[in-house]
Every structure is written in structure tokens, then in C-alpha cells.
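Colleague: Take a look and give me a structure for this.
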Amino acid sequence: MCHADNDTVSTYVSGDKTCKKIIFLITDVFGHVLSNAQLLADDFAAQGYYVIVPDLFNGDAIPWMPFSELAGGGFDLGTWLGKHGLEVTEPIVEKVLGHIKEDFSPTFIGATGYCFGAKYVVRLLGSKKIDVGAISHPSFVDDSEVELVTSPLIISAAETDPIFTVEGRQKTEAILTKNKATYEITVYSGVVHGFAVRGDPEQPQTMYAKERAFFSQVAFFNFHAK
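Modeller: Sure thing, here's the model as predicted:
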């Protein structure tokens, strides 16, 4: 494990850098220095991948707080999102992906995105810049972005999620089915938005869902990386 720098993009990396199978981990709004994100990177690396986790926010990630507090107005999320829109964040994602391809000549690139990061996984998958995508409790993914997806995608969803709602899940599944995409959607009962990256360790149901979501993504990546 070490820290690296990609043309001023601070990056957490984990695993054997000679590995040609890469996972590009695109974080939620709490960023790449959050221990949860780094532990996930280490877990993926332990499964035989080289994992790259960039700072999407130029040092301006949201300080950690429970999702209920964030959603309940404990932070001015609207203003923050206005500073980190598509036009700002996507160039960072594209820059890091460019370095991944240039520096490592990978045979496989999978990307996993949590909450905020899921949108960029879907966009990369839709433009066929990665091989496989995984998203957990996605935020702000437009139907038009899903419409472009035909490559393999696995979705880990929370039963209770004000952002990726039941209607949103159903619409996403309908689009992927229409596209004849290879996809997998699992809904975990008894958990809320954020469970796959920052679930409460004192909640057994949450920890079960978090672990199942992780290993399901690993299995999905392994199958398509053959």
C-alpha cells in the first residue's frame, strides 16, 4: 500500500502494481482518505487486483458524517455539489483512467463506484472505456446514461434509499433488459443508502449486506476478467 500522485491528482493505491487486472475505485462524497474507502481498496487488492482510488474533489471531500445527518441538512450539500458537478469531476476521472491505461497497460479494467462515484462508473461503462462496472447505492445516475450501457454491470442496492428508489431500480432494470446488457441487481433488505462503504459495524444485518455486496462484486469481476 502506498500513496501516489497522478499529475496533481492525489491517489491511494493498493496491491501489486505489476498486476494487469485493475480496479478503479470511485468514491462517495467522503473521498479517498476515508479509512472505509481505503479498506475496501485493500480488500479488492487481496482478491488479486491492483486498486486505484483517486481524490475526485481536490482536497474538498465532505467531512465524514452519518448519511442521515448529511441528508437532513447537517451540511450544505447543494452548494458542495455545485462545486463538484460533471464538468469538474469527469475530467479528473478521465485523467486518472488515462494514466491507468498508459502506465499499466492493463488486460482488464473494472470500476466500482459508491453513491456519488456510481455515476462515473456508468458513464465510463456506457462509453466502453472500462470492461466491467459495479455500483453500490448509486446517486444521480440519469436514465440517459444507463441507456448507453451494454457491457457488464452489477448493482448493489439498499432497500431504503431516497436517491436510488424502488422506481429508479425498476427503471434501471428495464433499460438494461432492453439493451440486452449483462447485469445483476441485488437489493439488500434492512439496510439504507451507504451500507456498502460506511455501514454501521454494530448492525449485523448491515455488515452482512456489506460483505455480500463486496464478494458479489469480486465474483462478477473475476468472471468477466477471465
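Colleague: mind checking how far Asp76 is from Tyr188?
Modeller: Plainly put, Asp76 is 30 Å away from Tyr188 if you go by C-beta to C-beta, to the nearest Å. To be clear about C-beta, it is placed using only N, CA and C from the backbone, and glycine gets the same treatment.
Colleague: same thing with Ala45?
Modeller: Computed as C-beta to C-beta, the Ala45 to Tyr188 distance reads 24 Å.
Colleague: Comparing the two, which shows the higher neighbour count?
Modeller: Between Ala45 and Tyr188, counted using other C-beta atoms under 10 Å, Tyr188 has the larger neighbour count: 23 against 18.
Colleague: Now the residue lying closest to the more buried one once chain neighbours are set aside: phi and psi?
Modeller: Distances taken as C-beta to C-beta, 6 or more residues apart in numbering put Ala209 closest to Tyr188, at 3.7 Å, once the chain neighbours are dropped. Dihedral pair for Ala209: phi -60, psi -40, per degrees, to the nearest 10.
Colleague: mind listing what Ala209 touches?
Modeller: Ala158, Tyr188, Gly190, Val191, Phe195, Ala196, Gly199 (C-beta atoms under 8 Å, 6 or more residues apart in numbering).
Colleague: for Met65, same thing?
Modeller: So Met65 contacts Gly74, Phe75 (C-beta under 8 Å, 6+ apart).
Colleague: again, only using 10 Å
Modeller: If you count contacts by C-beta atoms under 10 Å, 6 or more residues apart in numbering, Met65 has them with Phe30, Ala71, Gly72, Gly74, Phe75, Arg198.
Colleague: Then Tyr50?
Modeller: 13-24, 41, 44, 100, 104, 106.
Colleague: One more pass at 8 Å, please.
Modeller: Val13, Ser14, Gly15, Asp16, Lys17, Thr18, Cys19, Lys21, Ile22, Ile23, Phe104.
Colleague: Can you flag the buried ones in these?
Modeller: Burial of the contacts of Tyr50 was assessed by neighbour count (16 or more other C-beta atoms under 10 Å); the buried members are Val13, Ser14, Gly15, Cys19, Lys21, Ile22, Ile23, Phe104.
Colleague: SS state for Pro201?
Modeller: Under DSSP: H, G, I helix; E, B strand; the rest coil, Pro201 falls in the coil class.
Colleague: That one contacts Met207, correct?
Modeller: Yes - if you go by C-beta atoms under 8 Å, Pro201 and Met207 touch, sitting 6.1 Å apart.
Colleague: So the two - more neighbours on which side?
Modeller: Using other C-beta under 10 Å, the more surrounded residue of Pro201 and Met207 is Met207, with 15 against 9.
Colleague: Could you list every helix and strand in contact with the longest strand seen in the chain?
Modeller: Assignment by DSSP state E gives strand 183-192 as the longest strand of the chain. Judged by 3 or more C-beta pairs under 8 Å, 6 or more residues apart in numbering; DSSP states H and E, strand 183-192 is in contact with strand 153-160, helix 166-178, helix 204-224.
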